[in-house]
Every structure is written in structure tokens, then in C-alpha cells.
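> Requesting a structural model of the entry that follows:
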Amino acid sequence: MDFNQSIVIPSSKAIVLCGHESELCVCAWNPIHDVLASGCVDGTARIWDIRDNSTNPNHLVTRYLSQTYSTKERSVYDTSLLDWSADGCLLATVCFDSYLRIWSIDGILLNTLRQHEGTVYSFKWNKQGNYILAAGTYGTMIWDIATGFCLKAYCFHSGHVLHVDWQTNTSFASCGKDGIIYVCEAAMNQPIKSFEGHKGQVNAVQWDPQGQLLASCSTDKTVKIWSMKQDCCVYDILAHSKQIYSVKWSPTGPGTANPNMNRILASASLDSTIRLWDIKSGTYIQSLKKHTDAVYSIAFSPDGKYFASGGSDNYVHIWNIQSGELIHSYKGTGAILEVCWNSRSNKVGAGAIDGKVFVLDLRKL
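A predicted model of the protein is given here:
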């Protein structure tokens, strides 16, 4: 590996969370507390307490998301998905049985929602915490958490819906295999906007922190930036040499907790690179090239100073955003499917394909 070995995190410095009995592990930090949730293709979710004053993580609870688990014909799309509500009080999970379950922070099952068949590829709480948006083979649904019923179902896409992102508490964007992006409002039966231009399936969409610009990435190797004020894209960027798996906005600029820092868009690709873009000027900033295989997950720290990436080469890399310097690197035991930051920007969680979850405390490196 072509980087300074002094930045390599030894295995003794990482907290390894074991217990999942199958592969394909994802994880998500609670947005308020140092509590990490992990999910696996074995149909379980685990909640871990990673407190500062503890020498070892406290495994709070394991919950079985389905009673019909079988190892046969399981795939990456059957991995348990996780999302915390913005206030940190509720955890939503979904797995291969397509049931959406709502849990308290200590693992008490509060509600089970189902009104569809097929795989769920993406789901998210809105900021207010009263709706959950879920998308998959069946289309897109908004769930009302107070009633436990589906508020509205949308079937505009001609293929599977792969990703969704809330713009406001009631409006959202969706994308999928048909290459079209729809913007919908909960009170409306038809999309309020559609964006066409990608020449392949759209893998991900994300609104900027102000909800004004929408970034999308595709198998066509491009990143496109869209505005509700116009039909064609604001920027059309041939960003990578292979399909782009993820795009993420930095938590910086107007409307964020870091208003004096420039807003950046990051894109991650199967070509092993991450690229950073200044969308205000529409210019390329730099390429982060230390991965040697596909990059699956990227995440900005909440303070906007750092950036984490994980990929098929088993590495978690941590970067200084301002300098573009690789400052820490950790090699896991399998391909890294998920990286995420805690709310204080001092811990990184990573989920690996072999079912292990790693926690890196940057203050102890």
C-alpha cells in the first residue's frame, strides 16, 4: 500500500464489535448519543454503547428482525438497513422480510409496518421524525409513524427505486434503474418535478443542506447537479472512469453548523477514487486516490473537517478535508461496506462484509 506507514492504525487501537453470525454488515451512529447500531444479513440488529468512560463497548441489545432467516440466496440487498430519528430516540430497521420496524434506543419494539412486497433498497426518517420514506422494488412509500399506516404510495418509476432523500419534512427526491429522478410532495399525487439526463441507472441522490441543489450519480460515470428552478442540470460532470456509487454533501456552508466553511460535494466510484468538487464555482478540487479497489462508502464528519471512506480493499481511510492529506488508515478483515461518524466527530464506525464492526476513536490514535 502506497502511503506512510506511520498513519496506519494498529489492530490494538481499534474496537472490534463481534457477534453478528453472517456477512454484509452496516452501521449507524445515534445522532445524539455515542450509541452505534449495526445490522447484518443474518436478520439481526445490535445496539452498542460506546461511552468514553468505558474500556470496552457495552452490547446493549440484539434484536431479530425476522423469524424466517435462511442463509440461502441472501445477497447484499438483503442486508438489514438502519436509520436513527434526528432526535436519537428511535431506530428504524428493515431487512429481507420487508417489514419496517421501529425500536426505542434500548431495543424495545414499538411498531411494525408492512404494506408492500419486495426488497427495500433505501429508507430514511424526515427531520421532524413523523414520517419514514421507504423505496424498493415496489416503488416509494411514506409511512406515518403516529398512525402506523402508509400515508402515500408512489409508482412513477418504471424500474426499482434505488435511493431516496428528503428535501423538506414533506418533499423528497427518488431515483432508480430507469435513470429518472422524481421530486414529490406528500400532499400531491403527481411529482412536482422530474429530472432526466443520466444515461444509466441513478445510484444515489442527495439534497444539499439548504435543500436547494440536488446531486445525483449514475452508472454512466457522471455526477449531475439539479435545481428546482430549471429543468436541465446545473452542472454535468464526467467525474470517474467507472460507475459512481455514492455522492455526499459536506455539512458546511450556509444553513449548517459550519457556515464559514466552503461547501464541498464528494463522489465515490468503483474506479477506486474519491473526488471533491466546489459546486459554488463548479470546479474540481482534488482526487483522493489511496484506495486500490472500489470505494463503497464515504462520510463527512459533522464538524466538516474530516472525511472517511471505506472500500473493497478492506481499508478505512480518514482524510483532512482542507489539505486533502490522508491522516489515518485502518485495514479491516473484509471489504468495508459502511463508514459513519459520531455526532462529536471523534469516532468512526465501519461495517465489514465479514460481519464485524470496527470503531476508531481518533483521540486515542
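
> what's near enough to touch Asn198?
Slight slip there: residue 198 is His, not Asn. 179, 181, 216, 218, 220, 222, 224 (C-beta atoms under 8 Å, 6 or more residues apart in numbering). For glycine as for every other residue, the C-beta is placed from the backbone atoms N, C-alpha and C.

> Can you list the low-confidence ranges for the stretch 51-200 of the chain?
Residue ranges of the stretch 51-200 of the chain with pLDDT under 70: 52-79, 115-116.

> What count of nearby residues applies to Cys150?
Neighbours of Cys150 under the rule other C-beta atoms under 10 Å: 15.

> does it belong to a helix or a strand, and which?
Element membership for Cys150 (DSSP states H and E) is strand 149-154.

> State the next helix or strand along the chain beyond that strand.
Note on strand 149-154: by DSSP H and E, the next helix or strand toward the C-terminus is strand 161-166.

> residues in contact with that next one?
Strand 161-166 is contacted from outside by 121-124, 126-127, 133-137, 139-140, 172-177, 201-207, 214, using C-beta under 8 Å, 6+ apart.

> Put the buried members of the residues you listed into a PyMOL selection.
In PyMOL syntax, the buried subset of those is picked out as below (16 or more other C-beta atoms under 10 Å):
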select buried, resi 121+122+123+124+126+133+134+135+136+137+139+140+172+173+174+175+176+177+201+202+203+204+205+206+207+214
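
> taking the contacts of strand 161-166 one by one, which sit in helices?
Applying DSSP state H to the contacts of strand 161-166, no entry is found in helices.

> Which residue ranges of the stretch 251-365 of the chain form strands?
For the stretch 251-365 of the chain, the strands defined by DSSP state E, counting those that start in this stretch cover 265-269, 274-278, 283-288, 295-300, 306-311, 315-320, 326-331, 336-341, 347-352, 357-361.

> Switch those strands over to TSV; also include mean pLDDT, mean neighbour count and distance to Ala45.
Listed next are the strands of the stretch 251-365 of the chain as TSV, based on pLDDT from 0 to 100; neighbours: other C-beta atoms under 10 Å; distance: least, C-beta to C-beta, whole Å:
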stretch	mean pLDDT	mean neighbour count	distance to Ala45
strand 265-269	97	25	25
strand 274-278	95	20	28
strand 283-288	92	14	31
strand 295-300	98	23	18
strand 306-311	98	25	20
strand 315-320	98	22	21
strand 326-331	97	18	24
strand 336-341	96	23	13
strand 347-352	95	27	12
strand 357-361	94	22	12
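
> Figure out which of those is closest to Ile145.
strand 336-341 (22.7 Å; C-beta to C-beta).

> Can I get the closest one in CSV, CA atoms only?
Extracted in CSV, the C-alpha atoms of strand 336-341 (Å, rounded to 0.1, in the frame of the first residue of the first chain):
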residue,chain,number,x,y,z
ILE,A,336,-15.8,-2.1,4.2
LEU,A,337,-19.5,-1.5,3.3
GLU,A,338,-20.2,1.4,5.6
VAL,A,339,-18.4,4.2,7.3
CYS,A,340,-20.1,6.7,9.7
TRP,A,341,-19.2,9.4,12.2
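
> Tally up the residues packed near Arg263, please.
Neighbours of Arg263 using other C-beta under 10 Å come to 23.

> Name the nearest residue to it, sequence neighbours excluded.
Gly253 (3.4 Å; C-beta to C-beta, 6 or more residues apart in numbering).

> and if you look at Ile105?
Using C-beta to C-beta, 6+ apart, the closest residue to Ile105 is Cys89 (6.1 Å).

> pretty sure the one you found is touching Asp106, no?
No. Here Cys89 lies out of contact with Asp106, judged by C-beta atoms under 8 Å, at a distance of 10.3 Å.

> Many thanks, have a good one.
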